[in-house]
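Visitor: Show me the folded form of this:
(chains A and B)
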Number of protein chains: 2
Amino acid sequence: MGQKVSRRYDPPDSPRSVGWVTPQQVQLANASNPLSLCCGAALDYVVVEYEQYGHMNADRSNVVLITHALSGDAHAAGWDATTAHTGRTWRDRKPGWWDAVIGPGKPIDTDHWCVICSNVLGGCYGTTGPASINPTTGLAWGMRFPVVTVEDWVQLQARLMDHLQVQRLHAVIGGSLGGQQALEWALAFPERVGRIACLAASPRLSTQGVAFNAVGRHAIMRDPHFNNGDYYTGPGPQDGLASARMLAHITYLSDQGLENKFGRRRRDQQAPGFGFDIEFEVESYLDYQGRSFVERFDANSYCYITRAMDYYDAAQRWGDGDLVTACKRLQSKVLVVGFSSDWLYTPEDCREFAVAMCRAGKLVSYADIESPYGHDAFLVEEAPVGRLLRSFLHAQQGSMP
Amino acid sequence: MGQKVSRRYDPPDSPRSVGWVTPQQVQLANASNPLSLCCGAALDYVVVEYEQYGHMNADRSNVVLITHALSGDAHAAGWDATTAHTGRTWRDRKPGWWDAVIGPGKPIDTDHWCVICSNVLGGCYGTTGPASINPTTGLAWGMRFPVVTVEDWVQLQARLMDHLQVQRLHAVIGGSLGGQQALEWALAFPERVGRIACLAASPRLSTQGVAFNAVGRHAIMRDPHFNNGDYYTGPGPQDGLASARMLAHITYLSDQGLENKFGRRRRDQQAPGFGFDIEFEVESYLDYQGRSFVERFDANSYCYITRAMDYYDAAQRWGDGDLVTACKRLQSKVLVVGFSSDWLYTPEDCREFAVAMCRAGKLVSYADIESPYGHDAFLVEEAPVGRLLRSFLHAQQGSMP
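Guide: Numbers count the residues shown, from 1 in each chain, chains lettered A, B, ... in the order given. Predicted coordinates:
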């Protein structure tokens, strides 16, 4: 999500890197096998972009699915071979978004596990979404794309697993919205997933989270360049998307984290500038986050994905409003990790989630990680997260890490 | 700030109401007596709007100044006589913003105290601001208005007190940005103020608060109708201002307060609407807050006042960065009140402020009020706030409430 923490990246030729990766695209729905969505619509053309790191073993029992968060993509580890050295895209500059924990010898060890990550439906990184061409009209979908849900994403991921002839996943692991996908996997396909790890995620977004999403979409959809989502031939709602990202970014950090990192320091001077230009370092940081996001993300996808985030409610979906009832479906081992300063998916919410699973009589581990990095901690706190994931993946069936 | 809590208002003919009030306007700067500002500019024409409730005693020693927060105005109590029954303005619909605590027999008892409240410089409620005509050019100031600060506001309020021949204020009382003005009064004019009450306020805004202000201004200033602040003949940046207000409004409430009030309830139905229209009640609430704010507030003023909020730093201004040093100037009794769920000016920050005053050897009371209403609690929690203020105003000099 972008907490700017100095990181040493493993270069593509490092023995700890999965190296150069070529994203794959596969068509997973067609006219005779359309993808039915929660909203009632069906898509008869869906392409999914995914990446794979490591090799499947003979019985395809070593597959770990990684599910990405709001602004993530299928490129979770290694270096993108298709954009390398082109100098054209932001992907050139760094490896996949979870490269710190995925690779040979790393916590999600690609010498042992075959790791797969796919871009969500409605996204803008290779999987069909609002920026894709609707084959029926020959035009970009825009806001005519059907509203998608976390449940739809998981259905499509299950199709991808069918395509790859993976009957049962060793594990599904994700943070934030990715953690909700992991949970949905275990609820929708209890017999197809051995274990799930949900980091910085709870079974539904808080009211405050829904509120922040509403403001972000307001900024996008009221931008005059939004044009009801039909902006692909024009500049697009760049200012609105930047506002939305700036706002969201604050929610990924923490009060204390911002204080530690920027305080009230000014960029160029100590004295007030008495104007409205960017002056405080925190303003400069947010401005950068907004501008760089506009380069790499589609505003329509932002609206669709945040709506999926609003809608997901595991208790409603599987327990008629009762989370313990929903959790009774689970057959997977579960690891839930909360982060002390996360105020988007709070540790209290994560804990409540774990408690519900206990009440349902399920195997669950809960870990609280002390961190000043807010919601971003699930990405930033590589060492403790890595230790938990490594042991969770290897733990014997029936015992807990 | 707008937490929608059902309140019974005292009608204008109630013995507990200050009744109909006519705002006063007074010119407090002219060419021979310009107002010098922190930014280096000087204004040679400044009009201030203020209201007065209750009567000054013979030696003018019973005056209590109320300082307002971001979106407040001089109309703190009673019913506006100039807009009554015109059906034209939002002011018709309800009494002043702090009517619950100001009036005959109320905590800030107008039978005893003469209460004054003035609109801040740069505001949009009668005091000179960006929407005012610059007499030199004959045009609205717009963003050519000089950047104003909390210190400038207090200087101008001191001029108002000079005009009213009030040498020494019994008390200055304010919440949020108003609390910072109260503090600045006690620092800038130690001998002119007997006591200050700072509610939900600390000596400077947090980094996170600066960040939220930056996003709000971004939304306003990138709205194509903003036109560098010269929008007074057009529609103005309504969408940007609405976005800014929606966002700010979230920061005035609390996670738990939002959960309690709205949860994940939908407006018209239980099932998802699978679209981007307003669906969750919290979305509807924020939309209303955004739209109604646009009717009553000037976007330029919003930028100026949030900038003043960013800039204020009592420790920097009066203690070369050290708050205890700054507090040594104080000669007033001080009451600081923090609210448990306030995350804009947190109770921890309020407490730290009180501790600094203790360290400086000053008389200070600190109260923590348990409340789910977030930052808005200083307005909503009328009963405990009222009790504290009543006793604080009457406490003997030298003793504490």
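
Visitor: tell me the SS of whatever residue of the stretch 1-150 of chain A ends up closest to chain B?
Guide: The shortest separation between the stretch 1-150 of chain A and chain B is 3.7 Å, found at A:C39 (distances taken as CB to the nearest CB). Using the backbone N, CA and C atoms, a C-beta is placed for each residue, glycine as well. In the three-state summary, A:C39 is assigned as coil, counting by DSSP: H, G, I helix; E, B strand; the rest coil.

Visitor: State the number of residues packed around the closest residue to it other than its chain neighbours.
Guide: Leaving aside its sequence neighbours, A:C39 sits nearest to B:F274 (CB to CB, 6 or more residues apart in numbering or on different chains; 3.7 Å). By other CB atoms under 10 Å in any protein chain shown, the residues close to B:F274 number 18.

Visitor: Equivalent analysis for A:H55, please.
Guide: Neighbour number of A:H55 under other CB under 10 Å is 11.

Visitor: residue contacts, it?
Guide: Residues counted as contacts of A:H55 (CB atoms under 8 Å, 6 or more residues apart in numbering or on different chains) are A:C114.

Visitor: which secondary structure element contains it?
Guide: Following DSSP states H and E, one finds A:H55 outside all helices and strands.

Visitor: Repeat that for A:G178.
Guide: Going by DSSP H and E, A:G178 is part of helix A:177-188.

Visitor: Would you mind writing the CA trace of that helix as CSV?
Guide: Taking Å, rounded to 0.1, in the frame of the first residue of the first chain, the C-alpha atoms of helix A:177-188 are listed here in CSV:
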residue,chain,number,x,y,z
LEU,A,177,-9.1,-7.3,1.3
GLY,A,178,-6.8,-10.2,0.5
GLY,A,179,-7.5,-11.6,3.9
GLN,A,180,-11.2,-11.4,3.3
GLN,A,181,-10.7,-13.4,0.1
ALA,A,182,-8.8,-16.0,2.1
LEU,A,183,-11.7,-16.2,4.5
GLU,A,184,-14.2,-16.5,1.7
TRP,A,185,-12.2,-19.3,0.2
ALA,A,186,-12.6,-21.3,3.4
LEU,A,187,-16.3,-20.5,3.6
ALA,A,188,-17.2,-21.1,0.0
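
Visitor: What helices and strands are in contact with that helix?
Guide: In terms of contacts (3 or more CB pairs under 8 Å, 6 or more residues apart in numbering or on different chains; DSSP states H and E), helix A:177-188 is packed against strand A:63-67, helix A:150-163, strand A:169-175, strand A:193-199, helix A:299-311, helix A:314-319.

Visitor: In a markdown table: those, plus mean neighbour count.
Guide: Formatted as a markdown table, the helices and strands packed on helix A:177-188 follow (neighbours: other CB atoms under 10 Å in any protein chain shown):
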| stretch | mean neighbour count |
| --- | --- |
| strand A:63-67 | 27 |
| helix A:150-163 | 21 |
| strand A:169-175 | 27 |
| strand A:193-199 | 27 |
| helix A:299-311 | 25 |
| helix A:314-319 | 20 |
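
Visitor: would TSV of those with distance to B:I133 and mean pLDDT be doable?
Guide: TSV is the format used below for the helices and strands packed on helix A:177-188 (distance: least, CB to CB, whole Å; pLDDT from 0 to 100):
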stretch	distance to B:I133	mean pLDDT
strand A:63-67	58	98
helix A:150-163	55	98
strand A:169-175	54	98
strand A:193-199	57	98
helix A:299-311	39	98
helix A:314-319	56	97
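
Visitor: Quick check: closest non-adjacent residue to A:T149.
Guide: A:C38 (4.6 Å).

Visitor: cool, A:G263 as well?
Guide: Leaving aside its chain neighbours, A:G263 sits nearest to B:T207 (6.0 Å; criterion: CB to CB, 6+ apart).

Visitor: same deal with A:T22?
Guide: A:A81 (4.7 Å).

Visitor: Repeat that for A:D349.
Guide: Using CB to CB, 6+ apart, the nearest residue to A:D349 is A:S202, at 3.8 Å.

Visitor: list the contacts for that neighbour?
Guide: A:Q180, A:Y345, A:T346, A:D349, A:C350, A:E352, A:F353.

Visitor: Stretch A:275-282 close to chain B?
Guide: Yes - remark: stretch A:275-282 sits within contact range of chain B at A:G275, A:F276, A:F280, A:V282, by CB under 8 Å from any CB of the partner chain.

Visitor: coming back round to it: quick one: secondary structure of the residue nearest to A:D349?
Guide: coil.

Visitor: quick one: pLDDT of it?
Guide: What the model reports as pLDDT for A:S202 is 96.

Visitor: And A:I116, by the same measure?
Guide: Reported pLDDT for A:I116: 98.

Visitor: partner residues bridging it?
Guide: A:Q52, A:L65 (DSSP bridges).

Visitor: Please look at it and A:Y50 and confirm they touch.
Guide: Yes - taking CB atoms under 8 Å as the definition, A:I116 is a contact partner of A:Y50 at 5.9 Å.

Visitor: Please enumerate the shared neighbours of those two.
Guide: Contacts common to A:I116 and A:Y50, judged by CB under 8 Å, 6+ apart, are A:L160.

Visitor: What is the distance between stretch A:44-63 and the centre of its chain?
Guide: Taking CA atoms, centre = their mean, to the nearest Å, one finds the center of stretch A:44-63 at 18 Å from the center of the full chain.

Visitor: which residue lies farthest from the center of chain A?
Guide: A:A271 (40.3 Å; CA atoms, centre = their mean).

Visitor: Report the secondary structure state of it.
Guide: A:A271 is classified as coil under three-state DSSP.
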